[in-house]
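>>> model this:
(2 chains)
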Amino acid sequence: MGKKPLFIVMAGDGINCERETAFALEFAGAEAKIVHVNDLIASPEMLKSGDGLAIPGGFSFGDELGSGQILALKIRHKLGDKFFKMVEGRKPVIGICNGFQVLVKLGLLPYPNAEERILALAANEQGGFINRWVGLNVDAQSICLWTQGMEKTQIELPIRHGEGRIAFKKGEEKQHYDALIDQGLVPLTYTEDVNGSYGRIAALTDPTGMVLGLMPHPEAFIFRETYKNAGASAPEKGDGALIFDNIMRIMKGEESGYERKAV
Amino acid sequence: MGAAIRVEVSAEIPDRRLEKWAREAREYLGVPVASIEEVRVYKILPLAPANDAPAKIGKVFSDPVLARAHTGAAAYTFKDTPAFVAEITYRPGVTDNPARSAEEALSLTGLQAEVASGSLYFLFGSVDAVGAKKIARELLANELIQKIDVWPYAEFVKLKRFDEVKLPKALFTHPPKPEEVSLELDDAGLEKLSKERFLAMTLPELRHIRDYYRKPETQAERKKLGLPQHATDVEIEVFAQTWSEHCKHKIFAANIAFTGADGKTEQINSLYKTYIKRATKEIEAERKLGWLISVFSDNAGIVRFDNKIDLCIKVETHNSPSALDPYGGALTGILGVNRDILGCGLGARPIANTDVFCFAPPTLPAKGEEQFMPVGPKPPRRILEGVHKGVEDGGNKSGIPTVNGAFFFDRDYVGKPLVFVGTVGVLPPKLPDGRPSAEKKLSAGDRIVMVGGAIGADGIHGATFSSLELDENAPATAVQIGDPLTQKRMADFLLEARDLGLYAAITDNGAGGLSSSVGEMAQMSGGASLDLALCPVKYPGLSPWELMVSESQERMTLAVPPKKLKDFLALALRRGVVATDIGSFTDTGRLEVLYKGALTGVLDLHFLHESLPQMQLQAEWKGPKARVNWSDTTALKAKRIAPPSTRDALLALLSSPNITSKEKWVRAYDHEVQASTHVKPFAGAKTDGPSDAGVIWLYPHGGNKDSGVAVGCGMAPRMSPIDPYRMAQCAVDEAVRNVVTAGGDPDMLCLLDNFCWPDPVTSAKNPEGAYKLGQLVRTCQGLYDICKAYGAPLVSGKDSMKNDFRGKDARGMDINISCLPTLMVTAMAKVPMGASVGSAFKSVGDLIYLLGAKDAAGLAGSEYAYAFDVPEDNGPAIDMTKNLALYRAFHGALKSGLIRSAHDVSEGGLLVAVAESMLGGRLGAKLDIANNAATLFGEAPGRIVVSVAPAQKAAFEKAVSVASLLGTVEVDGKLSLGHEEILLDDIVTAWKRGF
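Okay, here's the model as predicted:
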C-alpha cells in the first residue's frame, strides 16, 4: 500500500460540516485537507493534487435562492472546467446534504453532460427542516463504488435537511425513476417515507459510480458515541464509517471495482 | 446604471409551509382562505447597463425542475382565480438576506447589481379585503420591518409591476456633524431629554454628567482639545450605552436596604458581589478547584474539564427584540451569544447552543379574552412561531447544534416573552504560538479593527431600549435581523486568524455597538482613538453618534498589532470578510471619537467606567402574595377545576403545554451537526422519549476519548410569588439534577445564572418595585446558599431587569403586565463517556426506584396546582445536603453500570416522570405507591426515577441508600397503580399531542 489518498474537503461560504467530514475521511485512512472554496479558486491546481473530493453539508449562502444554488453557480463560474475535469477524471467525489444539492445543481448527478436536469432536491413534503435518524437500504445492485460490496444491507444515519426530497420533472417521474434504478444509480433508499422523496431515494450516483450524493450524514455516525441512542447497544464502528471504509478499500485497489466501467 | 428589472420566481412544486399558513389563517384568524400560493420577487438594479441581464437573471433564479423565473408579464396558471394578492417587501434599510445572496449570485455571473427581495402571496377562497389584510399583517409579515400592499386580484393583474421597478432606498439625512447637547437643564428638562433620545438614564446619572461638564478642569481640557463647552451627542450617547442597565448591571451593583420577613433591615452592598461572585470565590477556595480558568471577567466563563481542551459557556437573553420581531429577535439573540463565545479569550469555537423560551401559552387569548390582550407585543402563537424559526435558522445555518432547551408557558409572559439563548465553546488551552487562549493582551499602538457586517441604523439604542419597559412607542430601529452567512464567514475567518496569531485581543460588538466594545477594550491599554468615517456603512447619512452606538449585527472588534495588520486584512479579503482598520488603542486615558479626522467627542475613561454613583435602593420581602390574573384581575386560582381521577389528571398533565412533547418543534433544530452530540433531545425505543440534558462528546473537538460534557437547565418561576429563596434553589437543583441524571459528574459542574425580572426600582408608575427587589434579594440569597451547599461555582450570568409591559389593552385601557420573576439556571458538567443511560425503561422485569424523598409534601408551584384547584400549601422543601450526597452516590452507581435508565422528576411530578420513562421504552410499569396528589404529582426537588436490572439489586441498593423501590417494568402496556390502571397507548397519545 502506498501513501494515503488525499481528499480535498471543501469549506467556506456557509458550508459547516467540513471538520467532521475530514475527521471521517481520516478515520477511514485517507488524508483530508480542508480547503476554503476561495483558496481553490485562487489555486485550482489543488484539485488536481487531490485523489478525491468531498463537498460537506451545511447552508452554503444561507440556502438562499434554493439550497446549493449559489455555491453551484460559484463553482461553475469560478472553477469551471477545472472542477468538472476533476470529477470526470474518475476520482471519488462525495457530496453530503448541501454538498449533494450542489452536485445536483451543477448537473453532475445523476447524469453529467445531460442536456437538461431531470430531477432536483425539493423542499421536504412536511414543509420544513428535520433532524432525525433514518433507516437506509443499501442497494447491492448499485454501481456506486462508495457502497458497492458493503456487507450491511441496511444502515442507520441521521438526516438534517429542509430540502431533501427527490423530485423529477413533472410528468416524467416514472420513466426517469425506472431508468435510475435499472442503471444502478440509486445506492441508498429510505426504509420509510421521511421527506416525500420519490421512490424514497436518499442518494444518487453517476454512471461511473465514482460520485456519491446523499442526504443522510455518514460523517455523523463514525463512532458509537454519536449513535441515535446514548447507552443503547451499537456496533463499535458507526454505519457512516462503513461508507468511507468502502471507498478507501476500493481506492487502495483491494477490489477490482475501482476499474469498473460505466454502464 | 440600467433600469431596474423585476423577476418573479414561481415554485413548480407546492410548498407545504403555505398549507400550514392557510390552516392557521382559518383557525387562528378566522379568515376562510382556501389556500395560499407564494411567488418570490426580486427587484434588480444593474449597476451598469447590461443587455444580457435577463439571461443572467434566468440562470440565477430558475431551476429546470423547481422554479420558473418571470421577468415580464407573468401569467400564472392557478387552478382557481385568486381573490387577493399581498406583496410583502422589506422596509428601507432592513437587512434583506435573500437580496444580499442574490447580489452575490448575480455578480458570479458577471452582473453587478443592487437587489431587493420580497414575496407575492396569492390568497384563494372567499377572502375579503379585511381578511386579506389580516392574513398579511398577522401571518405573512411584520410591519415593523416589512411593507405590505394588498390588491384584489382583478386590480393586481392590471398593475404595470414589471415597468418602472423601484427598490426601497434607505434615506438617512442626519447631519454628519456632531451636535452639542446642553445638560444645563432643570430636572424636568433632563428627564425629557432622556426620554426623547431613548437614553434610559436616571436623573442622578444625568445630573452626574451635568456636574462633570461644569467642572473647570473638564472645561479647560475640552478647550484644549477644541471641543465645545457642552457634551456632544456622541459623548451623551456613549454615556447612555455604557451606563445602561443592560451593560452596567446597576441594579445588581446597587446598595440595597433590605427588610426581610422578620422586619429587620440589612444593607447589601451589591447583590452581585455579595451573593454571586462571593459564592464562586469561596467555593473555588474551599474546594481548591483547579478547573476555573476564567470567571466573570470575560464574555463567557471558561472551565477545564479535560486537559486537552477548555470549555466556555455563556447564556444571554433577547427579550425585548423578540417581543417586537420574534424571528429577528431570536435570530440575533443566537448569533449574538455565538459572538460572545467567538470573543471569549482569544476566540473560542461554538460547539453547542441551548435555548429556553418563557412564553404565554400559544392558545392565548382564550375566547372572550381578546379584549384584554396587550397592544404592541405580538400574539403568543406568532411569538412562538417566530422565535422558533429564528432559533432554527440561527443554529442550523451557523452549523452549531442546538442540544438542549425548554419551553415554559405561563400567562404572565404575555407582555414580554423571555428568550434565553446559550452557547458552549471550546478553545485549546494554548494557541499554536504558545499564548494561553484565555488571555487577551493588547497594547497601546495596536490597531482597532472592526470585522464583519457594515453599520446601518438597525439596532440603534438596543441596549438602552432593553433597559426600558415595553410600550407601544418602542423604536423600530431597535429591531435587527441577523445574517447567519455573514457571521459564519466571519467565525471561520476569526478562528483561522486566531490560530495564525494575527490578533492580540477580540470582543464582540453587542449591546452598545462600538461604544461598548472599543470603550471596554480601551481600558486594557488606557485609551483609544477611532475615526467613525472609516467604518463601512450600509447606506450614507448616518450621524457619528449613530455609527458609534449602532448594534448592526455580525461585527467583532479586534486589537491587531501593527506588524500583523497586513496579513490580517489580507486573510479577511481572501475569506470574503469585511475588516476595517478604524483607529488605534492608546494610553492617553481617553476614548477619542473622530469623524473624518475631526474630534466629535472625547470621553475620560476613568469618568466613563469608574465614576458612576452607586444606586441606592429599597427592598422588602414580607411573605407570599397571591397571583392575580391580568385579564380580569381575579385570582388565577378561580379558573381552576376540581382534581379529577389519577388517570385523567396524568393524561391532562401529559398533554399540557409545559409537559407535552415538543418533538415537532425541536426536530427543526439541527442537534447533531459537528457530529459530537452524544445525548440527543429525544431517545428511547422510538427515539421520541425526552432526554434530561444534552451531552456533547469532546473527542471530536480535541478532547480525550472518554470525556463529554452535559448541558441542562432548570427554573421554577411559579415558586417566585410563594418563596423566591426556594425558587432559586429549585431552579439550581433542577439544572444540576438534569445534567447529573444524564451522566454529569456532580463534582465537576458549573452553573450560570440568568435573571429576568420585572422592574425592581420603585417609582410612581412602579409602586411595587421594593417588593420585586425583595424577591430578587431572596432569590440571590437562595442561589448563594445552594451554590455553596452543592459546591457548584457560578461562572457566568446575565440579568435583564425591565420585563414589564406598560401600555394599553385591546379595549384601550391601561394595563401593566410583569413577567414572573424568573431565574433560569444552566448547568454544565463533565461526563465520563458511558455514564449516560437515557430516560427510557429498557427491559421488562427491571426494578423501578425513586431516589430522594418518597413522601415529599407540597404542591404549590407545581403543574398540578396550576391546573387543578388544590388546597394552598407552602410548596415542597429542599434538603441540599442530602441531595448532593444522593447525586454523588447516583453518579457512582451510573459509572459502575448499576443503572439502566434515569429520569429526573420535574414538571408533573413522579407519575409524569414514570410515564415518560415508560413511553420512551414503550414498556409498562407496575407501581406500589400511595394515592395522594403530593406523592403522585408533587414537584419536590432532589428526586430521580431509575430502573435497575434485578441482578444488580443488592449492589445498587448498597451504592444508593436513599432509594425507594416503587415497582417493576412490565410488558403489559399499562401503568398499574394500586387504585387505577392507565394504558400506555393513552399515555403516548396524551404526551405526543403537542401544540
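
>>> Every contact and neighbour count from this point should use C-alpha atoms.
Will do.

>>> isn't B:Cys535 right next to B:Thr580, touching?
Yes: if you go by Cα atoms under 8 Å, B:Cys535 and B:Thr580 touch, sitting 6.8 Å apart.

>>> Common neighbours of those two, please.
When contacts are counted by Cα atoms under 8 Å, 6 or more residues apart in numbering or on different chains, B:Cys535 and B:Thr580 have B:Met450 as shared neighbours.

>>> Counting neighbours, what do you get for the residue lying closest to B:Thr280 once chain neighbours are set aside?
Leaving aside its sequence neighbours, B:Thr280 sits nearest to B:Pro793 (Cα to Cα, 6 or more residues apart in numbering or on different chains; 4.6 Å). Per other Cα atoms under 10 Å in any protein chain shown, the neighbour tally for B:Pro793 reads 27.

>>> Which secondary structure element is home to B:Asn738?
helix B:724-741 (DSSP states H and E).

>>> Can you name the element that comes right after that helix?
With DSSP H and E, the next secondary element past helix B:724-741 is strand B:749-756.

>>> Could you list the low-pLDDT ranges of the chain?
Since no chain was named, I'll use chain A. Counting by pLDDT under 70, chain A shows low-confidence ranges at A:1-2, A:254-263.

>>> To clarify, I was referring to chain B.
In chain B (pLDDT under 70), the answer is B:1-2, B:74, B:171-176, B:462-479, B:633-639.

>>> Longest helix of it, counting residues only.
helix B:769-790 (DSSP state H).

>>> Repeat that for chain A.
Assigned via DSSP H, chain A shows its longest helix as helix A:239-251.

>>> excluding its backbone neighbours, what's nearest B:Ala253?
B:Ala253 sits nearest to B:Ser270 (Cα to Cα, 6+ apart), 4.2 Å away.

>>> Please enumerate the helices of the stretch 1-150 of chain A.
A:18-27, A:37-42, A:45-49, A:69-74, A:81-88, A:98-105 (DSSP state H, counting those that start in this stretch).

>>> re earlier: just checking, what packs against the longest helix of chain A?
Judged by 3 or more Cα pairs under 8 Å, 6 or more residues apart in numbering or on different chains; DSSP states H and E, the packing partners of helix A:239-251 are helix A:18-27, strand A:154-161.

>>> What parts of the stretch 301-450 of chain B come near chain A?
B:396-399 (Cα under 8 Å from any Cα of the partner chain).

>>> Compare those and tell me which has the most neighbours.
Busiest of these [other Cα under 10 Å] is B:Ser398, holding 28 neighbours.

>>> pretty sure that one contacts B:Leu485?
Yes: here B:Ser398 reaches B:Leu485: they are 7.3 Å apart, a contact under Cα under 8 Å.

>>> anything in contact with each of those two?
A:Gly14.

>>> Reformat the residues of the stretch 301-450 of chain B next to chain A as CSV; add secondary structure.
Shown next, in CSV, are those (DSSP: H, G, I helix; E, B strand; the rest coil):
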residue, secondary structure
B:Asn396, helix
B:Lys397, coil
B:Ser398, coil
B:Gly399, coil
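
>>> List just the nearest of those residues to A:Val93.
B:Gly399 (22.2 Å; Cα to Cα).

>>> Verify the contact between the closest one and A:Gly57 for me.
No: the pair B:Gly399 and A:Gly57 fails to qualify as a contact (Cα under 8 Å) at a distance of 9.2 Å.

>>> now for the helices and strands packed on helix A:239-251, which one comes closest to B:Asp446?
By Cα to Cα (comparing all of the helices and strands packed on helix A:239-251), the closest turns out to be helix A:18-27, at 32.2 Å.

>>> can you give me the strands for chain A?
A:6-11, A:31-36, A:52-55, A:93-96, A:119-122, A:130-138, A:154-161, A:165-168, A:188-190, A:203-205, A:211-214 (DSSP state E).

>>> Partner strands of the first one and their direction?
Strand A:6-11 pairs in its sheet with strand A:31-36 (parallel), strand A:52-55 (parallel), by DSSP bridges.
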